[in-house]
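Colleague: from the sequence below, what's the structure:
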Amino acid sequence: MADFTPDAAVVWFEIPVSDMARAKRFYAAVLETTLSDQTDGPNPMAVFAVKDPATAPSGHLYPGKPAAAGTGSTVHLAAPAPLEAALERVTQNGGQVVSPIIAIPAGRFAYCLDPDGNSIGLFA
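Modeller: All right, here's what the predicted structure looks like:
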């Protein structure tokens, strides 16, 4: 059996949302970024910004049915420091912080739910 080792374990992610406009406002506010609309695929998407799309994995929001609150996969997203301010923006924009800040050798993160109940980790 071959030992496949990719350059990155994640190549793309998708977050299903029930209200695209609300979700775009939430993620743009929390991450202090702009999501770009794309309509060239089978569904409209709002794509997360990365410095170099040719080399960095990213993902998008799409109109879909989210899993029950807190039961789906968790996507960890880069948030601008300080993490405490990003967590304040979560609650100010209709999300929920569901864990304290957790420190690990690579940095600090906290688990949150977006307004649709999608599980996200914010990492700074």
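
Colleague: the most centrally placed residue in the chain: helix or strand, and which one exactly?
Modeller: The residue at the geometric middle of the chain, judged as the C-alpha nearest the mean C-alpha position with CA atoms, centre = their mean, is Leu77 (4.7 Å). Secondary-structure element containing Leu77, defined by DSSP states H and E: strand 75-78.

Colleague: what is the mean pLDDT for that strand?
Modeller: In this model, strand 75-78 carries a mean pLDDT of 96.

Colleague: what's in contact with the top helix by length along the chain?
Modeller: Among the segments of the chain that qualify as a helix by DSSP state H, the longest is helix 20-31. Under the contact criterion CB atoms under 8 Å, 6 or more residues apart in numbering, helix 20-31 has outside partners 15, 17, 33-35, 44, 46, 48, 61-63, 77-80, 86, 89-90, 92-95, 114-116, 122. In this view, the C-beta of every residue, glycine as well, is placed from N, C-alpha and C.

Colleague: what's the average pLDDT for whichever helix or strand Asp37 is part of?
Modeller: Using DSSP H and E, the element containing Asp37 is strand 36-38. Along strand 36-38, the predicted confidence averages to a pLDDT of 95.
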